[in-house]
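Participant: I would like to see how this sequence folds:
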Amino acid sequence: MSAATYSNLDDDDDDSCPSYDFDFDNNQVEETRCNATKTASALMVAASAKAGMEDIDRERINAILLRESGNSSFMERQRKMDENSNKRIVEMKQRLAEKDNNATNRNWRSEMETGVIDPQIEKYKSQRQPLSTFVVIDMDSFFISCHILNEPHLAHIPACVGGTSMISTSNYVARRFGVRAAMPGYLGSTLVKELSKGKQSLTFVKSDFNLYKRKSGEVKAILEEYDPKLKMYSLDEAYMDIMPYLKVKMNNNTMNHESITKYLSSPNDLKASLPLHEAFPDSTVHTEVQNLLNSIRQKVKDVTGLSCSAGIASNFLLAKIASDINKPNGQHFVGPTEQQIQDFVQPLPIRKVNGIGRVMEKTLYGVCGIETVKNLFDSRAEIQFLFKPKSANFLLRASIGYSDCNKHREESVEEDDDEALHRKGISHERTFAPTSSWSDLCNKLEAITLSLVQDLRARCLMPKTVTLKVKLSSFELLTRAVTRNVAFIFDQNSAQSSSPQALVDVAVNLLTDVKRDRDKMNKVGWFTVRLLGVRCSNFQLHKENQFSLDKYRQKTCQPPTVINPYASPKREVVAAYTTACPAKKSPPKGEVKNASPSNLGQISCPMCDRVFPSDQNHALNTHIDSCLNALTVRELCKEETVSADERAKKKQKRTLNDFFTA
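Facilitator: Predicted coordinates:
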């Protein structure tokens, strides 16, 4: 959209300015306005640098937001969080001042840089990739764009997916008015109405996650033709490495796209071919990269009707930032040389770095005056001193535009499609109109949990830890978690498959615990909820089941040791044991056990050596359970008979002779 289309947003006349009821002179009014907009900026992310919001009137938008929501529960919570941030900033500044005053060496910063930080930086730089082939694909306003396919008029008016309580995403027309995701819908309506002077209004569209999943699947199917190992951590974002595709394409000019896709999907060793940066000039490769990415984005548009933007760089951190540069329907290339990387990353506001949020931004600015990535690099000694190692290391890597793409790709290669190796967790959550109805909350929680079960089943994930997330109407966030020894298994083909209701029951029990804790705090009646979420994590690897079975196979079955002198329990134990574990038969002298071809492909019970075909895992597992149960019965009987011995001894009559001979 051209700037002229929204020229009314740039009007600076007095009529468009928000009014304030203060008995001050004009200078005081202007100062109040500045303080108000600064306060709003500090507390909100609503008018941040989202794609499509570059030239908006931030002061007016922030003033409207503060006026409309200044006394809301959300703002009250934001103020409390902001106070905690202010305290932390003061403490960190005091630590820094004490370091400067008490340090025996006034040049501790330069010594820390040369002795600790700069060698680490050189190590990171030495690990950079020689070519820019890492791509991040980001769908343009994905949710609302899916609806525009069926309702084209939504593309030309301010529109969003969501309702008056919360917005999921907005189109680029609405973003020009400061409307964006994670904003209450009523605030978005107010912004559009006031900034358009009543000429336009915000249109709300009901969400349709079945539609979003279907369109996301179409996009993924296209992108997998170019990188079968791509990762999609959300419905609208994909991480790809197109180096393997380019290797095949540039070294085999006769192969078409279908042939290359088939070749990449089969087990082939691409390491045998010469690296592209050695076989071709870098400029040739990068030209091919950009042309290929253009064709990928065009194919996505032709097949799905949806546009996407992309970033290309030598690592995913830079590619992610670059994907936001030329939105919508554009792409941005970041070269792999050190100079090209620094020219791109240093001028960026630190909020552009994925992982730096509002609180971290405020902390960095409040303590060290950091606003840009270059400032972040220049203050690397202070960062190293003030922050925990993990945070300091992340900020150091961000300051030079580095991320470890080798590790990412190696994990993808080694995972053997076992997503549990690299995924930390998977969650579903829903925001809704605040309610305190227990039945409504349980019904919503059940729907969320069952939806999560479908994802777990599709990804073959087996979680041990379940976490409940509850956001109250006051925007207070509560969480509860539970970890089981045995993982949930939602594989319908597995004999140990868990019922989806089992996960629902765990989630409801956690919600019950949260409510009970609130009641104990004398806050009865204050349990009004606006968001529920369930997260599963701590995934069991598929290898763990096989490992446990292997441990059983290594054990040998020992004959029962009878301690009890009483005949009845002894007969019970031996009978139970021999029923489950038939007596072992030693092979004839000179014969090697299981050496004949007829025994190949067979598995024996580790407890009793009963032989099963290797493809009858269920029968083997059932038999092992019976063996283990028999051994358990034997141990219980042993304990019982020992107790019986003790009781029998106590009941024996003692004589006077026994007393003197004891």
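
Participant: so who does Val453 touch?
Facilitator: Contacts for Val453 (CB atoms under 8 Å, 6 or more residues apart in numbering) come out as Phe490, Pro500, Leu503. Backbone N, C-alpha and C define where each C-beta goes, glycine included.

Participant: Tell me if I am right that it is in a helix.
Facilitator: Yes. Using DSSP: H, G, I helix; E, B strand; the rest coil, the assignment for Val453 is a helix.

Participant: Please name the nearest non-neighbouring residue to it.
Facilitator: Nearest residue to Val453, sequence neighbours excluded (CB to CB, 6 or more residues apart in numbering): Pro500, at 4.4 Å.

Participant: How about Gly355?
Facilitator: Counting by CB to CB, 6+ apart, the nearest residue to Gly355 once its immediate chain neighbours are dropped is Phe394, at 6.5 Å.

Participant: Just want the phi and psi numbers for that neighbour.
Facilitator: Phe394 has phi and psi values of phi -60, psi -50 when expressed as degrees, to the nearest 10.

Participant: Next: Tyr239.
Facilitator: Tyr239 adopts backbone torsions of phi -110, psi 120, taken as degrees, to the nearest 10.

Participant: so how far is Glu371 from Phe394?
Facilitator: 18 Å (CB to CB, to the nearest Å).

Participant: So for these two, which sits in the more crowded spot?
Facilitator: Higher neighbour count among Phe394 and Glu371: Phe394, with 18 against 14, using other CB atoms under 10 Å.

Participant: pLDDT value on the more buried one, please?
Facilitator: Phe394 is assigned a pLDDT of 94 by the prediction.

Participant: Tell me if I'm right that Asp282 and Pro275 touch.
Facilitator: No. With contacts counted by CB atoms under 8 Å, Asp282 stays clear of Pro275, the gap being 11.4 Å.

Participant: So for these two, which residues contact both of them?
Facilitator: By CB under 8 Å, 6+ apart, the residues touching both Asp282 and Pro275 are Pro130.

Participant: For the stretch 251-400 of the chain, which segments count as strands?
Facilitator: Remark: strands assigned in the stretch 251-400 of the chain by DSSP state E, counting those that start in this stretch are 308-313, 331-333.

Participant: for the stretch 151-300 of the chain, what are the low-confidence residue spans?
Facilitator: Applying pLDDT under 70 to the stretch 151-300 of the chain flags the ranges 269-272.

Participant: With the stretch 401-550 of the chain instead?
Facilitator: Within the stretch 401-550 of the chain, the ranges that satisfy pLDDT under 70 run 406-423, 492, 494-495, 522-525, 542-550.

Participant: all helices for it, in order.
Facilitator: Using DSSP state H, counting those that start in this stretch, the helices of the stretch 401-550 of the chain run over 405-414, 438-459, 500-520, 542-554.

Participant: which other helices and strands contact the third one?
Facilitator: Going back to what we said before, that points to helix 500-520. On a contact count with 3 or more CB pairs under 8 Å, 6 or more residues apart in numbering; DSSP states H and E, helix 500-520 meets helix 438-459, strand 463-472, strand 477-483, strand 529-539.

Participant: Output the ones you listed in JSON lines; the columns should cover distance to Asn354.
Facilitator: Below are these laid out as JSON lines (distance: least, CB to CB, whole Å):
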{"stretch": "helix 438-459", "distance to Asn354": "23"}
{"stretch": "strand 463-472", "distance to Asn354": "22"}
{"stretch": "strand 477-483", "distance to Asn354": "22"}
{"stretch": "strand 529-539", "distance to Asn354": "20"}
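
Participant: which one of those lies closest to Ser69?
Facilitator: Nearest of the helices and strands packed on helix 500-520 to Ser69, taken as CB to CB: strand 529-539 at 14.6 Å.

Participant: Return the list of strands paired to the closest one, each annotated with direction.
Facilitator: Its sheet considered, strand 529-539 pairs with strand 425-435 (antiparallel), strand 463-472 (antiparallel) by DSSP bridges.

Participant: Measure how that strand sits relative to helix 500-520, angle-wise.
Facilitator: Angle, strand 529-539 to helix 500-520, by axes from the mean of the first three to the mean of the last three CA atoms, to 10 degrees: 130 degrees.
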